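Participant: turn this into a model:
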Amino acid sequence: MALTRSLACGDGRVPSARAERLGRAIFAPLGGIVEIGTVRSTGTWLLPGVSVGAFLEPLGRLMEGVRVVGRFSGEVMAIADELGYFADHDVPAASLLLWSEGITGVPEPPQRLEEPELVRRLCRIGADLQLTRLLQALVTAALAAGTESGEGAVGIAEVLRVACGLVEPGRARITPAEVQRMWRVAHLPAILRPASDAPDWGKTGYRAYDAELERVLQGEGPGAVRACV
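Facilitator: Residues are numbered from 1 along each chain as shown. Just a heads-up that it's a prediction; the model follows:
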């Protein structure tokens, strides 16, 4: 989501229609994270019979974190239920292809998408993509709500910890610090380059969140990382 289309004036007064778009930008990657985590939790990489129903318990704490970070109303949070990502449903191979942005391509015949080795790869790619997009959406929502980086980064870090645990349950999982580094190189250059049409306050905000998230997630002491603004 482009900065100039997604942020308000950075003072916490986010119009309802824009707040809904910000919420949807968070709920979509979370939907992918839940589906990918459900498949990974089986340990078999076999899709028949995989359902997210038993995998939804940790979402309460995660959703509360999302609400606080974005200062979302109850109406915005209700959109998550309307989208259907967090209701019991099966996980088809086509969903994993969607979450991984088709990077693997579609094999011939398409039924090969359900082969365990390809399912494993779809999940690995999809996890990286959706965690990175989740972080971008969370930071954008926090900036739009006018949440200072010192406050917002702590909440975002907690959401990331839960999300990383969901997407790779019981494994040597991707860490929030790794997600932050992927996000930095995947999203920030387009926003922070000199020719970007992002407002100066937005650039300053993204730089501050990058530095503060690095500090929080790397376990460094206060003030160890400074944004260059």
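Participant: next helix or strand past the one helix or strand in the chain whose mean pLDDT sits lowest?
Facilitator: Ranked by mean pLDDT, DSSP states H and E, the weakest helix or strand in the chain is helix 3-6, scoring a mean of 37. Later in the chain than helix 3-6, the nearest helix or strand by DSSP states H and E is helix 16-42.
Participant: which strands and helices sit next to the helix or strand that that next one is followed by?
Facilitator: Downstream of helix 16-42, the next assigned helix or strand under DSSP H and E is helix 59-70. Here helix 59-70 touches helix 16-42, helix 74-83, helix 116-144, helix 149-167, going by 3 or more Cβ pairs under 8 Å, 6 or more residues apart in numbering; DSSP states H and E. Using the backbone N, CA and C atoms, a C-beta is placed for each residue, glycine as well.
Participant: now render those helices as JSON lines, adding mean pLDDT, mean neighbour count and distance to Y209.
Facilitator: Listed next are those as JSON lines, based on pLDDT from 0 to 100; neighbours: other Cβ atoms under 10 Å; distance: least, Cβ to Cβ, whole Å:
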{"stretch": "helix 16-42", "mean pLDDT": "94", "mean neighbour count": "21", "distance to Y209": "15"}
{"stretch": "helix 74-83", "mean pLDDT": "93", "mean neighbour count": "14", "distance to Y209": "21"}
{"stretch": "helix 116-144", "mean pLDDT": "97", "mean neighbour count": "22", "distance to Y209": "5"}
{"stretch": "helix 149-167", "mean pLDDT": "94", "mean neighbour count": "22", "distance to Y209": "5"}
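Participant: in JSON lines, list the ones you listed along with distance to W201.
Facilitator: Output for those, formatted as JSON lines (distance: least, Cβ to Cβ, whole Å):
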{"stretch": "helix 16-42", "distance to W201": "16"}
{"stretch": "helix 74-83", "distance to W201": "23"}
{"stretch": "helix 116-144", "distance to W201": "9"}
{"stretch": "helix 149-167", "distance to W201": "12"}
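Participant: and those helices: which comes nearest T104?
Facilitator: Nearest to T104, of all the helices and strands packed on helix 59-70, is helix 116-144, at 6.0 Å by Cβ to Cβ.
Participant: tell me the gap between the closest one and the middle of its chain.
Facilitator: 5 Å (Cα atoms, centre = their mean, to the nearest Å).
Participant: now it and helix 16-42, what's the angle there?
Facilitator: Counting by axes from the mean of the first three to the mean of the last three Cα atoms, to 10 degrees, helix 116-144 lies at 150 degrees to helix 16-42.
Participant: now the angle from helix 116-144 to helix 149-167?
Facilitator: Using the same axes, to 10 degrees, helix 116-144 lies at 160 degrees relative to helix 149-167.
Participant: packing partners for helix 116-144?
Facilitator: By 3+ Cβ pairs under 8 Å, 6+ apart, helix 116-144 packs against helix 3-6, helix 16-42, helix 59-70, helix 93-99, helix 149-167, helix 176-192, helix 200-218.
Participant: okay if I get the ones you listed as a markdown table plus distance to R112?
Facilitator: As requested, these are exported to a markdown table (distance: least, Cβ to Cβ, whole Å):
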| stretch | distance to R112 |
| --- | --- |
| helix 3-6 | 37 |
| helix 16-42 | 16 |
| helix 59-70 | 32 |
| helix 93-99 | 9 |
| helix 149-167 | 24 |
| helix 176-192 | 28 |
| helix 200-218 | 38 |
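Participant: done for today, thanks.
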